[in-house]
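Chemist: From the sequence below, what's the structure:
(2 chains, ligands or ions: 2)
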Protein chains: 2
Amino acid sequence: MVQPHCPKDTTGKNSPKRLGSTSPPRWSQTRRLAPAELFVGSFLALIVAGTLALKFIPGLYENEGLGWTDAVFTSTSAVCVTGLIVVDTATYFTPLGQAVVLVLIQLGGLGMLVLTSVIIGALGGRPSLRTESLAVGARHLLPQVPTKRLIVDVVRFTFLFEAIGAFTLYLFWTPRMGWKEAIWPSIFHSVSAFCNAGFSTNSGSLIEYQDSPATIVVISVLIVAGGLGFITMEEIHQRYIRRNPAFRRLSIHSKLVLATTAFLLLSGWALFALFEWQGLLSKMPLVDKLTNSLFMSVTPRTAGFNTIDYGSATDSTNFLTIILMMIGGSPGSTAGGMKTTTFALLGLLAWSRLRSHQTASFANRSIPSETIQRASGLFVIATGIVVLGVFVLAFIGDSHRATQAFLVRLFETTSAFNTVGLSMGITPQLSTPSRWIVIVLMFIGRTGPLSIAAALIVRLSTRGRFRLAYEDVVVG
Amino acid sequence: MVQPHCPKDTTGKNSPKRLGSTSPPRWSQTRRLAPAELFVGSFLALIVAGTLALKFIPGLYENEGLGWTDAVFTSTSAVCVTGLIVVDTATYFTPLGQAVVLVLIQLGGLGMLVLTSVIIGALGGRPSLRTESLAVGARHLLPQVPTKRLIVDVVRFTFLFEAIGAFTLYLFWTPRMGWKEAIWPSIFHSVSAFCNAGFSTNSGSLIEYQDSPATIVVISVLIVAGGLGFITMEEIHQRYIRRNPAFRRLSIHSKLVLATTAFLLLSGWALFALFEWQGLLSKMPLVDKLTNSLFMSVTPRTAGFNTIDYGSATDSTNFLTIILMMIGGSPGSTAGGMKTTTFALLGLLAWSRLRSHQTASFANRSIPSETIQRASGLFVIATGIVVLGVFVLAFIGDSHRATQAFLVRLFETTSAFNTVGLSMGITPQLSTPSRWIVIVLMFIGRTGPLSIAAALIVRLSTRGRFRLAYEDVVVG
Ligand SMILES: [K+]
Ligand SMILES: [K+]
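Modeler: Numbering: from 1, shown residues only, chains lettered A, B, ... in the order given. Ligands and ions are numbered 1, 2, ... in the order given. Next up, the predicted model:
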């Protein structure tokens, strides 16, 4: 885990050199641009590598191999830890093929964590407008830490959780499957759950485990842990386990993450139980009613396993799932979405406006208006992309035959963009153009519209350098 | 129209006395609260008066009278210029009954314009955090104007437009209906269009005029003029008609209003034509294809007449209509919605974030971040209320039989909250509890969540008085 000492290295000059050992001069020359390019480029490279692996490694498929579009789709879905599938992972792939998918998931999930850490480390103490758009305010929070140590800590922390998860699942699944047969599914589901990937080695995701409270609880813990973000995990570790005196109180960031996560999990749990008590849950015993409604609250942010069929759920269940998919997990985690903190800040903004307060505040701290503006901007951009996605999918027109076509499309778009992987069932029926739309949505959703914009714009336009005169506008 | 001289009266002390002649002491004592209370209270009083009129004036109905819920519904819909109907205005009411509805519409529409003017006048130069929540940044724009003159100008400007509109409609409708029969519909539709009310004396709204380009164009002009807002109308009048040297350039507010309105009208026109060219428009001659798709672009912000059946339209048409309903008209007008400027500022915010600029700007002017924050807050609150409305309507459950139940509910909620009045057809089938939900949505949507909050909170809590220490949070 992240070690919060070494305060001497405040220049941040050493860290990038250790990392970018192949081309340190270029890194230092274009330093202001590097994080966004590194971030977007890494994912793109990983997707290309994954596609080639899926096309050319022999023995991955039970029958015929994937076409190019589906290879790109599957590679993108795995690397972006989305979990949408056009072929059934359980039956279409051999165990070797599943292993390739799992490696892509692990690299994609770890890549997210490591790259975020690297960027935080590489930024050092120098704030830059360009890199701020990468949503890495984290450098204000965590004490200066060398990049290498950060990476080692993140990798160790990931494997530790995944190992414990796999072992626990193995214990619960051995009686059901036999000791030999339980090994691979345990590993696969533990990694897939912690990385919030949502891929499963079962044809029906976790529907066959809806009567296994132990499975649901273990997977839920892995998902929530993976989605909490390492800043918060590290603070909890230092404060409550190591009892480090430097961490007398949790940062406002971690308090907000924990409060929002708890609020979303509990209110979602209650609402899904309400919506489906006489619907999908009606024939289950009480304990399964409770675990399955809990899981419906856990999985949309943004794990993507399902223990129920969303195609048969009520409108309210699907709408709440869409909202939770948009919100997603917490910053610096494997989860996608616009993040719990963004959602919380929007809520605090609304609350402050309703009370005519000038600044949003939480736990006796004011939130900088620049941060509120960043959250609002992200919300507007994410909403805009999803809206555009719905129109484009409707225009291409495969989903016209679905009975609730609009809801189905909104669900699919939200799921792809926020790297969730849930579906009301249309993914395998999508036409080739629609598949490419979903691929693009998955990629933009994972790397973030702001990172892509930052990587594409070569330098700040001169107009951004000086500030224009202010003039006000009437609103609302 | 507003006269931009009389700069001596900058204290704003005279204006409120002229207005609040019944109780000037109270007005001055609680001056900081008065605008929100006045605003919300006026609409509430008008709705109550309208309900009593609909219940107790004899001779309003062809057959039996309205029950209490429907009287409240109709009065609220008319006063809030929403236009949702549970009974057919054409056949249920006698001409006298229609006249009562029209008076309520006129009072509601004029009330909106006058009260906004009064509040702007009453505020004088003194900014107050509380009253800022009423979205009256307009005082920064218009030179100091005495309240009475402002009211006279607004009333004159309204009646002028309505008279021209009625006369023009009368000319076009006389051949169709006869000179005597055309009088009442011409007046009714002109007032209803300029006030963005959407009530019609025809059972099918304007569907029977879908083959009359003249009607569609006249009604469109009235709607757009009514929805542009008097700040902008006044500036155009001074700048281009009177050629007043004090108005050498349009304010950034008016430029933003005009640019956004033009953008929304033109892009909506093109998109609706695209979505329905082979759908609802397929059997029309070319000129009607063009006028009807134009009207589909005009009416959702937030007039509420329809020349086509939204229940038979494509998903994309209905989704775009929902988005335009949320955006609505311009500030200081009879139109509802979150307003064109709010939408434009959100777009500028997104654009500035994508380009890594720190401030949003338009036409070489920076927009104050406080204004951006107000726009974002409004967007979040409006979205939250609509989402809540959809869940509540689903929970009450009348609309479950609709084939696209989710879309139908989203459409109805958006239409009610943004005072639009379009429907995919479920309004008359709503149960009594659902009708009350729609009534509440119409009222909150017209007076504004912030005004209601301001009217409810008696004084600023002490916590808002001092500023808390800042601490940052990681976003996105
Ligand atoms: K996922
Ligand atoms: K209306």
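
Chemist: Any buried residues in the helix or strand harbouring A:Leu441, and which?
Modeler: Element membership of A:Leu441, judged by DSSP states H and E, is helix A:432-447. Using 16 or more other Cβ atoms under 10 Å in any protein chain shown as the burial criterion, the residues of helix A:432-447 that qualify are A:434-435, A:437-447. Backbone N, C-alpha and C define where each C-beta goes, glycine included.

Chemist: ditto for stretch A:306-322
Modeler: Within stretch A:306-322, the residues that qualify as buried by neighbour count (16+ other Cβ under 10 Å) are A:306-308, A:310, A:313-322.

Chemist: Identify the residues contacting it?
Modeler: Taking contacts as Cβ atoms under 8 Å, 6 or more residues apart in numbering or on different chains, the residues outside stretch A:306-322 that touch it are A:205-207, A:209-210, A:216, A:268, A:271-272, A:275-276, A:279-280, A:292, A:295-296, A:299-300, A:404, A:407, A:410-411, A:414, A:422-425, B:387, B:390-391, B:394-395, B:405-406, B:409.

Chemist: and if you look at stretch A:59-70?
Modeler: Contact partners of stretch A:59-70, identified using Cβ under 8 Å, 6+ apart, comprise A:51, A:54-55, A:71, A:74, A:86-87, A:91-94, A:96-97, A:100, A:432, A:435-436.

Chemist: Please list which of those residues are also close to chain B.
Modeler: Filtering the contacts of stretch A:59-70 for proximity to chain B by Cβ under 8 Å from any Cβ of the partner chain leaves nothing.

Chemist: ok, of the residues you listed, which come out buried?
Modeler: Of the members of the contacts of stretch A:59-70, the ones counted as buried by neighbours, 16+ other Cβ under 10 Å, are A:Thr51, A:Leu54, A:Ala71, A:Thr74, A:Val86, A:Val87, A:Tyr92, A:Phe93, A:Gly97, A:Val100, A:Arg435.

Chemist: tell me which element the third one falls in.
Modeler: So that's A:Ala71. A:Ala71 is located in helix A:68-79, with elements delineated by DSSP H and E.

Chemist: can you give me the angle that helix makes with helix A:432-447?
Modeler: Using axes from the mean of the first three to the mean of the last three Cα atoms, to 10 degrees, the interaxial angle of helix A:68-79 with respect to helix A:432-447 works out to 20 degrees.

Chemist: do helix A:68-79 and ligand 1 meet at all?
Modeler: No - using Cβ under 5 Å from the ion, helix A:68-79 never reaches ligand 1; the gap is at least 8.6 Å.

Chemist: Tell me the buried residues in that helix?
Modeler: A:Thr69, A:Asp70, A:Ala71, A:Val72, A:Phe73, A:Thr74, A:Ser75, A:Thr76, A:Ser77, A:Ala78, A:Val79.

Chemist: need the residues you listed in CSV with pLDDT and distance to B:Ser220, can you?
Modeler: Shown next, in CSV, are these (pLDDT from 0 to 100; distance: Cβ to Cβ, whole Å):
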residue, pLDDT, distance to B:Ser220
A:Thr69, 95, 45
A:Asp70, 95, 48
A:Ala71, 96, 51
A:Val72, 97, 46
A:Phe73, 96, 45
A:Thr74, 96, 50
A:Ser75, 96, 50
A:Thr76, 96, 45
A:Ser77, 96, 46
A:Ala78, 96, 51
A:Val79, 95, 50
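
Chemist: now, which of these sits nearest B:Ile47?
Modeler: Sorting those by distance to B:Ile47 puts A:Ser77 at the head of the list, at 52.9 Å, by Cβ to Cβ.

Chemist: which non-adjacent residue is nearest the closest one?
Modeler: Across the structure, with Cβ to Cβ, 6 or more residues apart in numbering or on different chains as the measure, the residue nearest A:Ser77 apart from its sequence neighbours is A:Leu84 (5.1 Å).

Chemist: partner residues bridging A:Tyr61?
Modeler: Counting by DSSP bridges, A:Tyr61 forms beta bridges with A:Phe93.

Chemist: Neighbours of it, how many?
Modeler: Neighbourhood size, A:Tyr61 [other Cβ atoms under 10 Å in any protein chain shown]: 16.
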